[in-house]
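quick one: sequence plus predicted model below, questions after.
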Amino acid sequence: FLGKVEKKKDKNSNQAKKNLSENMAGLDLRTKADNVNDKLLMKMEKANGSQVIVAKNVGMHKVFALDRTMAPRDPNAPGQYGRTVVVPKDKAQEAERRWKEGNFNVYLSDIIPLDRAIEDTRPKGCSEQLVHDDLPTTSVIICFVDEVWSTLVRSVFSVLNRSPDHLIKEIILVDDFSTKAYLKDKLDKYMLRFPKVRILHLGERHGLIRARIAGANIARGDVLTFLDSHVECNVGWLEPLLEQVRLNRKKVACPVIEVINDKDMSYMTVDNFQRGIFTWPMNFGWKPIPPEVLQENKMTEMDPIRCPVMAGGLFSIDKKYFYELGTYDPGLHVWGGENMEISFKVWMCGGEIEIIPCSRVGHIFRNDNPYSFPKNRIQTVERNLARVAEVWLDEYKELFYGHGYQLLKSNTSIGDLSAQKELRRKLKCESFKWYIDNVYPDLDAPLVRATGVLTNLELGKCISLENNILHLETCDASKQNQHFNYTWLKLIKQNNVCIAPSSQKEKLSLHPCDNVNSNLKWSHKSLTSFQPSLKDHILLENLQSPNCLDVDKSHRNLQMSVCDASNRFQKWQFEKYFVE
Ligand code: LR7
Ligand code: MN
């Protein structure tokens with residue numbers, strides 16, 4: 001039936017017809033739902049054909065579970081139905097040799113069908129779910145650099161074969177200046193058969209992030225759907241995503257990302273009820289929704305899952321909305337961090353991010369990128385994340401810097417941020433505090449590492465700051481001038497004044513706080529234990545032989561002296577620690 005409909009639609013394009021008959025040759029429809037949808041689709045086409053588009057009371061239909069093939073499927077083909085494939089003994093060496101072409105089992109990818117079937121892993125009920133008849137169209141954007149031929153083509157086929165034709169405006173392949181010859185003329189020629197596929201060869205390496213922007217800039221669909229270049233879209237993957245965008249144009253919809261095993265190429269499903277989250281210093285991760293939350297909200301496996309951040313690679317977003325948000329920060333280089341940026345931007349500026357469990361796409365997860373980074377990979381990602389922190393994290397950026405990154409110490413420039421900050425002002429976005437409170441309340445985000453009175457363990461006295469002078473006095477937690485914060489950037493701080501060494505040896509002084517000045521940074525740690533926990537000694541970092549915070553003979557003033565693990569006068573404790 002789809003054949004008829006599609007032909008009517010594309011009657012002006014011979015190429016499209018040819019493409020269609022190829023696509024349709026082994027039409028392999030898998031669910032009963034499609035017969036029911038038949039009538040509905042015809043009705044819709046008729047309406048379009050005679051230009052009668054009724055805005056109100058738009059009908060709905062069950063999600064199409066299309067699974068077209070080029071030729072009838074060979075049930076015994078390697079990898080068919082997403083099965084595990086084993087490398088034959090005599091091919092082991094070849095397989096090993098070819099691994100580095102993509103950092104996964106390239107040999108196996110090349111022998112499994114380009115349009116293999118995979119198991120329909122959708123939760124029960126998804127095939128019965130209704131979506132609107134007037135879903136927006138989408139441009140599917142796939143960026144790649146030196147992708148393996150078979151995985152790239154399989155990604156494209158999975159889109160063509162498992163999506164309703166009328167919803168795919170085009171598939172834009174953005175070649176990010178690949179070095180492999182087969183990704184030039186050969187790819188262009190091969191894809192001529194598929195009129196929906198457009199290829200953009202970039203004249204220089206843009207990096208994933210700017211390559212996506214380049215793809216978006218030529219996109220003609222209502223919605224942008226980004227995919228990695230080594231994926232397999234499962235049956236019914238597209239409509240549930242577009243449905244969500246249709247319901248709320250500021251909703252960013254992500255499929256469940258399933259696993260194509262890098263070693264045996266099997267298609268594996270993943271646990272349900274996972275949220276996309278991050279931990280410091282902005283590492284993406286998955287976190288299961290606790291059972292009590294599921295119960296409280298009576299969540300079913302089909303319900304959309306709100307995500308504080310998205311994984312990055314696979315999502316649908318309204319095109320106009322993407323541009324309202326200023327796309328990605330174009331100052332992000334190569335790879336990494338853009339998922340944080342878009343996630344914060346979406347949530348803080350009025351949108352939402354959800355995983356849609358009825359939409360499922362497999363992805364080859366691999367341990368290393370198979371392409372070069374123009375500069376050091378870690379530094380690139382760190383610089384990107386620092387841009388994100390500076391623009392979006394407000395005072396919480398200290399948590400980012402305080403969790404291991406060395407950026408403030410190095411001389412890497414993170415570039416101009418004025419346009420990004422201006423964008424945030426213009427969009428009147430919420431604060432990061434709002435984001436934590438409303439979107440990610442379970443984020444562990446104490447603004448300082450320790451706080452309260454700072455007690456000397458030997459004397460039981462506390463440091464107080466009075467008339468710009470530091471001294472020791474009887475502890476009194478109710479006195480604000482005895483309160484100090486120990487920050488993520490290692491300052492010991494009261495309001496905007498920081499404890500500092502003085503030019504006179506052994507004495508201490510005060511200095512306006514400054515996150516970059518390494519003279520103000522103190523390590524708080526035990527000199528006897530090797531465990532990195534906040535404890536006991538307080539060492540000035542920026543010295544060749546570190547000096548420790550100590551008390552003078554009068555027991556009334558502070559002084560610095562050579563660190564001595566057994567000296568109890570050098571041991572200090574804050575009133576409250578937020579981290580170990
Ligand atoms: O310079 C580059 N130019 C590119 O076009 C570097 C990469 N790319 C392409 C590359 O060919 C691939 O198609 O960009 C895509 C992503 O790169 P991968 O697949 O090497 O990395 P990845 O799968 O680890 O990428 C994840 O993190 C990235 C951070 O920038 C992006 O957000 C990816 O889209 C993201 N992938 C996913 O979210 C899929 C699930 C992974 C998880 C969790
Ligand atoms: Mn990937």
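Looks like it arrived, so ask away. Numbering: from 1, shown residues only. Ligands and ions are numbered 1, 2, ... in the order given.

and the longest strand along the chain, how far from the chain's centre?
For the chain, the strand that runs over the most residues, judged by DSSP state E, is strand 352-364. Relative to its chain's centre, strand 352-364 lies at 13 Å (CA atoms, centre = their mean, to the nearest Å).

ok, it: who's next to it in the sheet?
Paired with strand 352-364 in the same sheet, following DSSP bridges, are strand 231-233 (antiparallel), strand 251-260 (parallel), strand 305-306 (antiparallel).

what are the ranges of the helices in the stretch 1-150 of the chain?
Using DSSP state H, counting those that start in this stretch, the helices of the stretch 1-150 of the chain run over 2-9, 14-24, 33-49, 92-98, 106-111, 149-162.

now stretch 456-466: buried residues?
Buried residues in stretch 456-466, counted by 16 or more other CB atoms under 10 Å: N456, K461, C462, I463, S464, L465. C-beta coordinates here come from the backbone N, C-alpha and C atoms, glycine included.

what's the first helix or strand after the helix or strand where the fifth one lies?
Using DSSP states H and E, the secondary-structure element containing S464 is strand 461-466. Per DSSP H and E, the first helix or strand lying C-terminal to strand 461-466 is strand 469-474.

can you give the contact residues for stretch 492-503?
Residues outside stretch 492-503 that contact it (CB atoms under 8 Å, 6 or more residues apart in numbering): 454, 463, 465, 470, 481, 483-487, 491, 508-514, 519-520, 522, 538, 540, 547, 560.

which among these count as buried?
Neighbour counting by 16+ other CB under 10 Å classes 454, 463, 465, 470, 483-487, 491, 508, 513, 520, 522, 538, 540, 547, 560 among the contacts of stretch 492-503 as buried.

which of these fall within strands?
Within the buried ones among the contacts of stretch 492-503, residues falling in strands by DSSP E are 454, 463, 465, 470, 483-487, 508, 522, 538, 540, 547, 560.

OK, contacts around the residue nearest to F177 when sequence neighbours are not counted?
The shortest distance from F177 to any non-neighbouring residue, by CB to CB, 6 or more residues apart in numbering, is to R205 (4.3 Å). By CB under 8 Å, 6+ apart, the contact list for R205 reads V145, D176, F177, V334, P374.

and V346, by the same measure?
Applying CB under 8 Å, 6+ apart to V346 gives the contacts K250, V252, L325, E352, I353.

do the same with G102
Applying CB under 8 Å, 6+ apart, one finds that G102 lies in contact with S109, E147, V148, T151, H230, I364, R366, P370.

tell me, which of those residues make contact with ligand 1?
Counting by CB under 6 Å from any ligand atom, E147 from the contacts of G102 sit close to ligand 1.

and the contacts of G102, which are buried?
For those, a burial check counting by 16+ other CB under 10 Å picks out S109, E147, V148, T151, H230, I364, P370.

now, among those, which is nearest to ligand 1?
Set against ligand 1, the nearest of the buried ones among the contacts of G102 by CB to the nearest ligand atom is E147 (5.2 Å).

wait, what's in contact with the closest one?
Counting by CB under 8 Å, 6+ apart, E147 touches G102, S178, L183, S229, H230.

show me where pLDDT drops low in the stretch 351-500 of the chain?
Residue ranges of the stretch 351-500 of the chain with pLDDT under 70: 405-411.

got the buried residues for stretch 128-136?
Neighbour-count burial for stretch 128-136, with 16+ other CB under 10 Å as criterion, is recorded at Q129, V131, D133, L135, P136.

from ligand 1, how far off is the third one?
In other words, D133. 31 Å (CB to the nearest ligand atom, to the nearest Å).

same check, this time on the fourth one
Relative to ligand 1, L135 is positioned 24 Å away (CB to the nearest ligand atom).

against M70, how distant is that residue?
26 Å (CB to CB, to the nearest Å).

which secondary structure element is home to F226?
For F226, the enclosing helix or strand under DSSP H and E is strand 223-227.

I'd like the average pLDDT over that strand.
Averaging pLDDT along strand 223-227 gives 99.

list of residues touching that strand?
With CB under 8 Å, 6+ apart, strand 223-227 has contacts from 136-143, 155, 159, 212, 216, 233, 238, 241-242, 245, 313-319, 322, 361.

let's see 7 Å
Contacts to strand 223-227, defined as CB atoms under 7 Å, 6 or more residues apart in numbering, come from residues 136, 138-142, 155, 212, 216, 241-242, 245, 313-319, 322.
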